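Trainee: Just a sequence and a predicted model for now, questions to come.
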Amino acid sequence: MRTQLELPESSNPRIVIIGGGFGGIQLAKELKDKDFQVVLIDRNNFHTFQPLLYQVATGGLEPDSIAFPIRKIFQGASNIYFRMAEVLNIDTTNNTIDTSIGEINFRYLVIATGSTNNFFGMADIEKNGMPLKSLKEALDLRSLLLQNLEKALNDPSQREACLNFVVVGGGPTGVEVAGALGELTKHVLPNDYQELNQNEVNIYLIESNKMILSSMAPQSSAKALKFLNKLGVKVLLDTRLISYDGEKVLLSSGTTILASTLIWSAGVQGQIINGIPINAIQKGNRFIVNRFNQIEGFTNIFAIGDVAIMKEEKYPNGHPMVAPVALQQATLLARNILSVTLSNSWKQFSYRDKGSMATIGRNKAVAEVGLIRFQGAFAWLVWMIVHLMSLVGFRNRLVVLINWIWNYFSYDRAIRIIVRPFVKRQS
Ligand SMILES: Cc1cc2nc3c(=O)[nH]c(=O)nc-3n(C[C@H](O)[C@H](O)[C@H](O)COP(=O)(O)OP(=O)(O)OC[C@H]3O[C@@H](n4cnc5c(N)ncnc54)[C@H](O)[C@@H]3O)c2cc1C
């Protein structure tokens, strides 16, 4: 028999939330001090603010300024219990889940496990590419970037490959990483690596579409392209990555690039858990949910955020995989569960899109709020304020703000430390 998770006896119904990301944390906050026993489970003991991962990867921010201990968020909450564990399986017949530390039963289950990298079956990219979905991956990338700059100085035979950086995927993450690399080359390299010729550094952004930031308006996309060009990033549109063996990047145009670093930001998929019937899972590994976030075929098992796909009139292919969707779904789900009325009088979810933005570098960002579009320094300022205010914890906000002010005036990216050298995967 499996070990049962140790939890206090409670007469209140138990809600188990899997995932301490944007959706899971918001839901638990909404249920704080209510008549439910809330058990929040995550494989990490911290919440990660993913939108700023690229700044950790490029030496602009310390990792702990964009992560926050989950236990600290719920200090003093009498009904919330956090457990650090990997959830392995869901038993929908007995309403239990199996985790790396034991089994637990539930009255309600909310899956908020987010998304993971999608390499579209390309084993060579999975082995040799550098993804950017977690704090560990951001730190690996930071180490590899710095290691390659060191190697470029010491090994002339590897110099070209070490100074070519290929970013795949022209969505917000790819654009932001490419822009940050452009700034690193422009402002930091000449001071730290005086022996390296800046002109030898090449940053490529590969995009299979005919435009970058294809979810934004053509004007925003064009402006972002201009900003990237200004930073020296070579954007290759209408081009697909064919293969990467860790040394050579082969593109659909037939071009080959020697590169020791390939950053993969071209695909994500839902992070599902075994046990939910296959007919409730859509292509892209997302659980099909109704407008109450109930997974198809269940009334007490829900999915929210990136791992859920919900169709509404304005979003026939589901919502974008962004933090506001997870936050809004969590808030409404809490209200629905807390309401004592029957499920058919629950409020249906409707996404309120407050806009989108991407930053390319200092004073360079594009933003869209409804029909209003703005670019440049003002968009950059708005981007900074929005991200600063969204971070969890006053300390984190202060640390990030100080770092940004420092970076702005010094043109520096101060955190250029190789703590644990990155070792390339062997298999
Ligand atoms: C590099 C990057 C940049 C981004 N930039 C933006 C942006 O600028 N704006 C924006 O709105 N969105 C952005 N996003 C997307 C945004 O981060 C996601 O949409 C959001 O995190 C989704 O929230 P979630 O709650 O669904 O999942 P997440 O926040 O991903 O949380 C999922 C949690 O589940 C845990 N988990 C997963 N599986 C298990 C398991 N089996 N057992 C235990 N725990 C598990 C994970 O550890 C994680 O803590 C970005 C994403 C990335 C990767």
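Mentor: That came in fine, so what should we check first?
Trainee: Break down the stretch 51-200 of the chain into its helices, ranges please.
Mentor: Secondary structure of the stretch 51-200 of the chain (DSSP state H, counting those that start in this stretch): helices at 53-57, 70-73, 123-128, 135-154, 159-162, 172-183, 189-192.
Trainee: Now Val249: which helix or strand?
Mentor: Using DSSP states H and E, Val249 falls within strand 248-251.
Trainee: can you put the helices of the stretch 51-200 of the chain in JSON lines and add mean pLDDT and mean neighbour count?
Mentor: Where C-beta positions appear, they are placed from N, C-alpha and C, glycine not excepted. Below are the helices of the stretch 51-200 of the chain laid out as JSON lines (pLDDT from 0 to 100; neighbours: other Cβ atoms under 10 Å):
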{"stretch": "helix 53-57", "mean pLDDT": "95", "mean neighbour count": "26"}
{"stretch": "helix 70-73", "mean pLDDT": "96", "mean neighbour count": "18"}
{"stretch": "helix 123-128", "mean pLDDT": "96", "mean neighbour count": "16"}
{"stretch": "helix 135-154", "mean pLDDT": "95", "mean neighbour count": "18"}
{"stretch": "helix 159-162", "mean pLDDT": "96", "mean neighbour count": "20"}
{"stretch": "helix 172-183", "mean pLDDT": "96", "mean neighbour count": "26"}
{"stretch": "helix 189-192", "mean pLDDT": "88", "mean neighbour count": "14"}
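Trainee: So for Asn285, which of those helices sits nearest?
Mentor: With distances scored as Cβ to Cβ, the stretch of the helices of the stretch 51-200 of the chain nearest to Asn285 is helix 123-128 (15.2 Å).
Trainee: before we move on, back to that, so which elements touch the helix or strand that the strand holding Val249 is followed by?
Mentor: Following strand 248-251 in sequence order, the next helix or strand is strand 256-258 (DSSP H and E). Here strand 256-258 touches strand 164-168, strand 248-251, going by 3 or more Cβ pairs under 8 Å, 6 or more residues apart in numbering; DSSP states H and E.
Trainee: hmm, try it at 10 Å
Mentor: helix 159-162, strand 164-168, strand 202-206, strand 241-244, strand 248-251 (3 or more Cβ pairs under 10 Å, 6 or more residues apart in numbering; DSSP states H and E).
Trainee: The very next helix or strand once past it near the ligand anywhere?
Mentor: Later in the chain than strand 256-258, the nearest helix or strand by DSSP H and E is strand 261-264. No - counting by Cβ under 6 Å from any ligand atom, the ligand is not contacted by strand 261-264; separation bottoms out at 10.4 Å.
Trainee: what lines up beside the following helix or strand past strand 261-264 in the sheet?
Mentor: Where DSSP H and E defines the elements, the next helix or strand beyond strand 261-264 is strand 268-270. For strand 268-270, sheet partners with direction are given as strand 115-117 (antiparallel), following DSSP bridges.
Trainee: Now do the strand it pairs with: distance to the chain's middle.
Mentor: Relative to the chain's own centre, strand 115-117 is displaced by 8 Å; criterion: Cα atoms, centre = their mean, to the nearest Å.
Trainee: Contact residues of the stretch 251-400 of the chain facing the ligand?
Mentor: 271, 273, 305-307, 321-324, 326.
Trainee: With secondary structure, pLDDT and neighbour count added, can I get the residues you listed in a markdown table?
Mentor: Below are these laid out as a markdown table (DSSP: H, G, I helix; E, B strand; the rest coil; pLDDT from 0 to 100; neighbours: other Cβ atoms under 10 Å):
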| residue | secondary structure | pLDDT | neighbour count |
| --- | --- | --- | --- |
| Gln271 | coil | 98 | 21 |
| Ile273 | coil | 97 | 21 |
| Gly305 | helix | 98 | 32 |
| Asp306 | helix | 98 | 29 |
| Val307 | helix | 98 | 29 |
| Met321 | coil | 95 | 19 |
| Val322 | coil | 96 | 17 |
| Ala323 | helix | 96 | 17 |
| Pro324 | helix | 96 | 17 |
| Ala326 | helix | 98 | 26 |
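Trainee: Looking at the residues you listed, which is nearest the ligand?
Mentor: Gly305 (2.2 Å; Cβ to the nearest ligand atom).
Trainee: how much space between the nearest residue to Asp91 once chain neighbours are set aside and Tyr351?
Mentor: Closest residue in space to Asp91, ignoring its immediate chain neighbours: Gly275 at 6.1 Å, by Cβ to Cβ, 6 or more residues apart in numbering. Going from Gly275 to Tyr351 by Cβ to Cβ, to the nearest Å gives 28 Å.
Trainee: which of the helices and strands packed on strand 256-258 sits most buried?
Mentor: Ranked by mean neighbour count, the helices and strands packed on strand 256-258 are led by strand 164-168 with a mean of 26 (mean count of other Cβ atoms under 10 Å).
Trainee: How far off centre is that one?
Mentor: That offset, for strand 164-168, works out to 19 Å (Cα atoms, centre = their mean).
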